[in-house]
Every structure is written in structure tokens, then in C-alpha cells.
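Asker: Sequence plus predicted model, see below.
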Amino acid sequence: MKLLNQTLKKIGTLNKESMKKTRQRIDNLIKPLGSLGKIEDIAVKLAGITGNTFPTVDNKVVIVMSADHGVYEEGVAPDPQILTAIQTPNFAKGVTGVCAFAKQARADVIVVDIGVATDINDPRVINRKIRYGTSNMAKGPAMTREEAIKSLEIGIEITASQIKEGKNLIGTGEMGISNTTSSTAIFSAIGKLDPIEIVGIGAGLPVEKLSHKANVIKKAIEINQPNPKDGIDVLAKVGGFEIGGMAGVFLGAAAHKVPVVVDGFISTAAALIAITIEPKVKDFLIPSHHTAEKGGQVAYKLVGLEPMFDMGLRLGEGSGAALAFNFIEAATYMLKEMITYKEAGIIL
């Protein structure tokens with residue numbers, strides 16, 4: 001709890017002066033006013049986050065949190081739970097979807113076992129296992145409050161270590177069979193929504209089973225009564241270890257004034273947990289893509305962010321965050337490589 005409290009105290013606000021100077025330069029670049037749309041907004045936000053009018057994001061990493069969920073036993077996912085354990089080492093091997101996109105974006109990928117249901121015997125996987133998966137939230141809390149805080153602090157610690165190594169742009173990713181169930185529960189609890197309104201197919205659940213998945217989520221919320229104003233309580237009651245880990249990444253990055261990218265549906269649930277714990281975090285988050293999950297639009301409304309692109313993605317892993325790295329870095333190139341009308345000797 002000490003590390004979490006210290007981190008929360010460090011989270012401030014955006015540097016308005018840097019944002020003002022960056023906006024002034026952008027508005028005077030040799031192009032029609034506003035013609036680069038969201039790229040311009042990203043550049044201004046980067047200036048606010050870093051306090052640098054010419055920010056750099058050339059050392060990138062996607063932090064993938066991997067864990068299992070006890071609610072799997074309720075039949076809410078189409079795939080065997082062992083896939084979490086099978087896929088987790090593949091991130092370290094560099095052969096997953098996010099790894100492919102990260103290579104293109106010149107970004108690293110690290111993977112953390114924060115609660116996979118079996119042991120992962122690969123030294124390249126960072127072992128921070130809290131325990132072997134969460135408990136079944138349809139029967140009681142997914143984890144204790146202490147475990148929820150531990151998941152947040154693991155995310156904070158991993159983020160700090162990456163920043164210490166020089167990382168200046170961070171993306172969030174995850175792996176965990178049944179984690180769309182926990183994510184939907186988080187949105188339902190904090191947004192006070194009926195799960196049936198936002199529940200989706202996740203990794204391919206048959207449509208005819210959606211009502212069952214919604215009912216399981218509804219039951220979990222009724223049994224556990226998570227406090228929608230207490231992000232840690234929601235995480236403990238209906239969340240997942242990897243969701244807590246990602247929420248910790250958001251908190252840690254904000255505390256260090258390093259831009260951090262929100263991926264898809266599960267990552268957005270983690271962002272909502274982080275924002276519920278400390279609302280100032282939102283200003284440090286850069287949303288990537290619209291998710292094809294049914295509740296995607298509702299999810300982004302709850303966190304108060306607008307995604308930068310829509311390509312029908314619903315893989316997760318951090319794949320959308322890795323793709324977004326290209327747009328974000330492009331914004332810094334716009335600032336550094338384009339000249340202003342004055343620098344071009346043009347007077348209008």
C-alpha cells in the first residue's frame with residue numbers, strides 16, 4: 001500500500017505552458033491550420049505529459065500482463081484455460097500478434113506472469129505471480145483487497161523499471177482466458193449498467209451463450225456488491241490480476257510523466273480502474289483504437305477518451321497500442337521535421 005500511496009501523490013497535471021507553446025508552433029507550421037487533425041492533438045498532449053515542447057518517444061515498450069480467472073469455471077469462454085499458459089511464453093519468443101506489430105514499430109515487448117494458473121518455465125517471462133489465478137467471482141470476491149493492491153503495485157514496479165531503462169513510451173497488453181468477463185463486470189459495476197447491454201463474444205463465445213455470460217456477471221456483482229466509487233474494491237471483487245497490473249502501469253507512467261497507451265477492451269477496463277482510483281491519470285493516457293467488442297463504445301465513454309482509429313480490432317495483447325505507437329511517434333516528427341511559415345521566410 002505504501003508504494004501505491006507514494007505513486008498517487010506523484011501524479012500531477014499536464015504542463016499547460018508546454019502545451020501552449022507546442023500548439024502555437026503547430027498552428028504556424030507550413031500547412032493549413034488543423035490539417036493534421038488528431039496528430040496535432042497527440043503532439044500537444046505529449047508536450048503536456050512530458051513538459052517538453054519537442055517530446056521524444058523513440059524508446060517504446062509494450063508491457064503484457066498475463067493471468068487466469070476463476071470465473072472460467074462458469075463456462076463464459078470458448079477456449080480451454082490452458083491457452084493462457086501456452087500463449088504467455090510466446091510473447092517472450094516474439095511470435096504473437098502484438099510482437100509482430102511491435103517489431104514494425106521498433107518497440108520491445110515484455111511479459112509478466114502476474115497470475116497464470118500454472119507455472120511458466122521460461123526465464124524470459126517475468127515471474128510476479130500473485131497466485132494461480134483469481135477466485136470465481138460468481139461465488140465470492142475474485143481476490144482480496146490486499147491482492148488487488150499488490151497487482152497494482154506490481155504494475156507500478158514493472159513500469160518504473162522500464163522507465164529507468166530509458167523507455168519513454170509505454171503500451172499496455174494482456175493475456176487471460178475469460179478476461180472479457182471480468183472487464184465487462186468492471187464496466188457494469190462502475191457504470192451501473194446491465195451486463196446484457198455491453199457483454200460481447202470475447203475470443204469467440206457463441207452468440208447464444210451471451211445471455212449466460214451476462215447472467216454470470218450480474219450474479220457476481222449482486223453477490224460481491226463492489227463499490228463503484230472505489231476502484232480497488234471493484235478490482236478486488238470482480239477484476240483480474242492482469243487488469244490490476246495494467247492499472248498499475250497507468251498509475252506508474254502518470255507518476256513518472258511518461259505517455260502510456262490504452263489498448264482495447266480489457267486495457268480500457270484497467271484504465272477505468274486507474275481513473276477511479278485517481279482521476280488525474282486520465283490526462284496521461286493515450287487511447288489507441290475502437291474495439292470491436294460490443295461494449296467498446298460504452299467503455300470509452302466511461303473513461304472519457306476518444307480512440308484515434310478504428311480497424312475492427314479485438315485481439316487485445318496490446319496489438320492496438322503497438323499500432324498506435326506509429327501515429328504517436330509521427331506526431332513528434334511533425335514537430336521536429338516540419339518548418340513554420342516564418343522559418344520558411346513566408347509572411348502571410
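Answerer: Sure, I can see it.

Asker: would you list every one of the strands in the stretch 51-200 of the chain?
Answerer: 60-67, 107-115, 126-127, 169-175 (DSSP state E, counting those that start in this stretch).

Asker: Would you point to the one among the ones you listed that's packed deepest?
Answerer: The highest mean neighbour count among the strands of the stretch 51-200 of the chain, using mean count of other CB atoms under 10 Å, belongs to strand 169-175: a mean of 31. Any C-beta I mention is one placed from the backbone N, CA and C, and that applies to glycine too.

Asker: In the sheet, which strands lie alongside it, parallel or antiparallel?
Answerer: Using DSSP bridges, strand 169-175 pairs in its sheet with strand 60-67 (parallel), strand 260-262 (parallel).

Asker: got the angle between the helix or strand just after the last one and strand 60-67?
Answerer: For strand 260-262, the following helix or strand on the C-terminal side (DSSP states H and E) is helix 265-277. The directions of helix 265-277 and strand 60-67 differ by 90 degrees, with axes from the mean of the first three to the mean of the last three CA atoms, to 10 degrees as the criterion.

Asker: related to what we said a few turns ago, and of the strands of the stretch 51-200 of the chain, who's closest to residue 18?
Answerer: Among the strands of the stretch 51-200 of the chain, strand 169-175 comes nearest to residue 18, with 16.8 Å by CB to CB.

Asker: hmm, back to that, may I see the strands of the stretch 51-200 of the chain organised as CSV, with distance to residue 290 added?
Answerer: Converted to CSV, the strands of the stretch 51-200 of the chain look like this (distance: least, CB to CB, whole Å):
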stretch, distance to residue 290
strand 60-67, 19
strand 107-115, 21
strand 126-127, 30
strand 169-175, 16
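
Asker: any low-confidence regions in the chain?
Answerer: 202-203 (pLDDT under 70).

Asker: quick one, helices of the chain?
Answerer: Under the criterion DSSP state H, helices of the chain are mapped to 2-10, 16-27, 37-50, 82-93, 97-104, 145-164, 179-191, 210-224, 231-238, 241-255, 265-277, 296-303, 319-337.

Asker: deepest of those, which one?
Answerer: Counting by mean count of other CB under 10 Å, helix 241-255 has the highest mean neighbour count of the helices of the chain, with a mean of 31.

Asker: From the chain's centroid, how far away is that helix?
Answerer: Centroid separation between helix 241-255 and its chain, computed with CA atoms, centre = their mean, to the nearest Å, is 8 Å.

Asker: tell me the angle of it relative to helix 265-277?
Answerer: Counting by the same axes, to 10 degrees, helix 241-255 lies at 60 degrees to helix 265-277.

Asker: Return the alpha-carbon coordinates of helix 241-255 using CSV.
Answerer: C-alpha atoms of helix 241-255 as CSV (Å, rounded to 0.1, in the frame of the first residue of the first chain):
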residue,chain,number,x,y,z
PHE,A,241,-4.7,-9.8,-11.7
GLU,A,242,-3.6,-8.7,-15.2
ILE,A,243,-6.2,-5.9,-15.1
GLY,A,244,-4.8,-4.7,-11.8
GLY,A,245,-1.3,-5.0,-13.3
MET,A,246,-2.2,-2.8,-16.2
ALA,A,247,-4.0,-0.3,-14.0
GLY,A,248,-0.7,-0.1,-12.1
VAL,A,249,1.1,0.6,-15.4
PHE,A,250,-1.2,3.5,-16.0
LEU,A,251,-0.6,4.9,-12.5
GLY,A,252,3.1,4.4,-12.6
ALA,A,253,3.5,6.0,-16.0
ALA,A,254,1.4,9.0,-15.0
ALA,A,255,3.5,9.5,-11.8
